[in-house]
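A.B. asks: the sequence isn't on hand, but the structure is:
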């Protein structure tokens, strides 16, 4: 058992994710649709993965770099 910190859930509801990220709920859902955040809706309530929140900066960089590559290929 660890002696530090409190329990961190694997999934949080949309309002908690909004508070953690300082973002609007609609923006979080948009990031979920784009595959940046892991979002699910198991029982009429959206849930956001805390792992994806913790690694949001890395995922945004990944998504932006692949988007640039696809845009260059289309030109």
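C.D. replies: Cool, the structure landed. Note that this is a predicted model, so its numbers are computed, not measured.
A.B. asks: residue ranges for the strands of the protein, please.
C.D. replies: Ranges of strands in the chain, per DSSP state E, are 11-13, 39-40, 47-49.
A.B. asks: quick one: strands adjacent to the second one?
C.D. replies: Looking at strand 39-40 with DSSP bridges, its paired strands and their directions are strand 47-49 (antiparallel).
A.B. asks: what about residue 23, neighbour count?
C.D. replies: The local packing of residue 23 (other CB atoms under 10 Å) involves 15 other residues. Heads up, the C-betas are built off the backbone N, CA and C, glycines and all.
A.B. asks: do the same with the one 5 residues further on
C.D. replies: Applying the criterion other CB under 10 Å, we find 21 residues in the vicinity of residue 28.
A.B. asks: OK, contacts around it?
C.D. replies: 14, 17-18, 21, 37, 39, 48 (CB atoms under 8 Å, 6 or more residues apart in numbering).
A.B. asks: now, which of those residues lie within helices?
C.D. replies: Per DSSP state H, helices hold the following members of the contacts of residue 28: 14, 17-18, 21.
A.B. asks: tabulate those residues (a markdown table), appending pLDDT and neighbour count.
C.D. replies: Listed next are the ones in helices among the contacts of residue 28 as a markdown table, based on pLDDT from 0 to 100; neighbours: other CB atoms under 10 Å:
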| residue | pLDDT | neighbour count |
| --- | --- | --- |
| 14 | 95 | 18 |
| 17 | 95 | 25 |
| 18 | 95 | 17 |
| 21 | 93 | 15 |
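A.B. asks: no further questions, thank you.
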